[in-house]
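J.: Quick one, fold the following:
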Amino acid sequence: MAQRSRAPLALGALAAGGIGYYLYSAGGSPRVAEKKAEADAYRASSKIQDHIPSNRSNTAESAEQQGARLGREVGNKLDSAMNTINHDLSKAKRETEAYAKQTKAETMKKIDDFDRTVEEKAAKSKSYLSGWFGSK
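T.: Below you'll find the predicted structure:
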């Protein structure tokens, strides 16, 4: 049996963690998270570019382009993640509402059955006691 690489799973978990981090730090706002991710990507790119000897004007432009590209990629991934999260939340909400409706219907049926049983027992008791005391 061939062993599968765990790299895709690790990269996926890392990406999900990164997206989660930016969403959490942005208070759940995808746009703010996108801007923070762009800023961090630009900052990281600048630090890397500072350590690479080359023409500085080209490097700054290249870093800016790379930062913008990375920002767009992160933004697209965030949008996709938010769409997935919204879809999953709406599905969970529908399922929860259906379950609550079913549970309410079952509870109301049991209450009705209990009421019917109590009324039947009360009617029997009344007729039994009426017979004892000779009511007409």
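
J.: got the contact list for Glu34?
T.: The neighbours of Glu34, taking CB atoms under 8 Å, 6 or more residues apart in numbering as the test, are Tyr22, Gly71, Val74, Gly75, Leu78. Where C-beta positions appear, they are placed from N, C-alpha and C, glycine not excepted.

J.: What is the burial count for the first one?
T.: Put plainly, it is Tyr22. Neighbours of Tyr22 under the rule other CB atoms under 10 Å: 23.

J.: wait, it sits on Glu38?
T.: No: using CB atoms under 8 Å, Tyr22 makes no contact with Glu38, being 9.9 Å away.

J.: Need the residues touching each of those two.
T.: Common neighbours of Tyr22 and Glu38 (criterion: CB under 8 Å, 6+ apart): Val74.

J.: which residues of this structure score low on pLDDT?
T.: Within the chain, the segments meeting pLDDT under 70 span 1-3, 53-61, 131-136.

J.: Please go through it and pick out the longest helix.
T.: Secondary structure of the chain per DSSP state H: the longest helix is helix 56-133.

J.: Distance from the chain centre to that one, please.
T.: 12 Å (CA atoms, centre = their mean, to the nearest Å).

J.: What helices and strands are in contact with that helix?
T.: helix 7-25, helix 30-51 (3 or more CB pairs under 8 Å, 6 or more residues apart in numbering; DSSP states H and E).

J.: how near is the spatially most central residue of the chain to Lys35?
T.: For the chain, Ile85 is the residue whose C-alpha lies nearest the centre (CA atoms, centre = their mean; 4.6 Å). As judged by CB to CB, to the nearest Å, Ile85 and Lys35 stand 19 Å apart.
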